[in-house]
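Asker: Here is a sequence with its predicted model. Questions after.
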2 protein chains.
Amino acid sequence: MGLETFSVRRGQEFNHKKDRKGAPVKGTLFGGIPADLQQELFETICSAGRVKIERIVSRGHASPEGFWYDQEGHEFVLVVQGSAGLKIEERKDILVLKPGDYLSIPAHVRHRVEWTDPTGDTIWLAVHY
Amino acid sequence: MGLETFSVRRGQEFNHKKDRKGAPVKGTLFGGIPADLQQELFETICSAGRVKIERIVSRGHASPEGFWYDQEGHEFVLVVQGSAGLKIEERKDILVLKPGDYLSIPAHVRHRVEWTDPTGDTIWLAVHY
């Protein structure tokens, strides 16, 4: 059984797509972040059926004004580095997530990212299921 | 839409089971770790259908001698704190996972935990899918 290890150099993109079926894949959430990150970075790490596990990197990004995520499936997000403020439409407060904090968001619970750490990269693990 | 926030006091268990259908749940992977941890701690954070997201806390634990995990579904593991050595049956080396490192393990790829950090808690996020 083969194994593909992804290197961790800055500015080099992961090559998650090379993940062969049946082979374990090792990687790090901290590597392969482009120096230039004008848009948030969404990368699928692995997926099967309706399940998708992805890394998201935000560099001070937020959801566009007036935009709400309204998703068909459930989502679980974990902040691994940095911090973020999430707004659930039906709540008035902003939920602040720091490293180790997670939020499980059921399908069709409308939400948006109000802010992410303006001083560095916020790294998320997201599971869509 | 309600929200349940789990407190982070040591020695207090999460109450993930209270997760009402349809309500976002916020929590932290770093809280609620019992002072006494004779066995590895496995806690389901959320689940739906065949998907289960869990926190695992290891305190120097390893898989029993000769034991191999051989699972029906795929598993994704992320080390959030601490470190661990994983053995894939068909490989000779030990894969060392540090914070931010993940391993996706396809169904029926036999594997075991050779060691976890003997000096502190190793906290994992695991996704079974």
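Answerer: Cool, the structure landed.
Asker: show me the residues around the residue lying closest to A:Gln71 once chain neighbours are set aside that make contact.
Answerer: Sequence neighbours aside, A:Ala107 is the residue nearest to A:Gln71 in space, at 6.0 Å (criterion: CB to CB, 6 or more residues apart in numbering or on different chains). Where C-beta positions appear, they are placed from N, C-alpha and C, glycine not excepted. Shown here is A:Ala107, whose contacts under the criterion CB atoms under 8 Å, 6 or more residues apart in numbering or on different chains are A:71-74.
Asker: Try it again at 10 Å.
Answerer: A:Ala107 makes contact with A:70-75, A:128-129, B:22, B:48, according to CB atoms under 10 Å, 6 or more residues apart in numbering or on different chains.
Asker: okay, it: pLDDT?
Answerer: At A:Ala107 the predicted local confidence, pLDDT, stands at 95.
Asker: Give me the distance between the most centrally placed residue in chain A and A:Val77.
Answerer: Centrality entry for chain A: nearest residue to the mean C-alpha point is A:Ile56, 2.7 Å, by CA atoms, centre = their mean. Look at A:Ile56 and A:Val77: by CB to CB, to the nearest Å, they are 8 Å apart.
Asker: rewinding a little: which of the contacts of A:Ala107 are buried?
Answerer: Applying 16 or more other CB atoms under 10 Å in any protein chain shown to those, the neighbour count classes A:73-75, A:128-129, B:48 as buried.
Asker: tally of neighbours for the nearest residue to A:Leu29 once chain neighbours are set aside?
Answerer: The shortest distance from A:Leu29 to any residue other than its chain neighbours is 4.6 Å, reached at B:Gly100 (CB to CB, 6+ apart). The criterion is other CB atoms under 10 Å in any protein chain shown. On that basis, B:Gly100 has 19 neighbouring residues.
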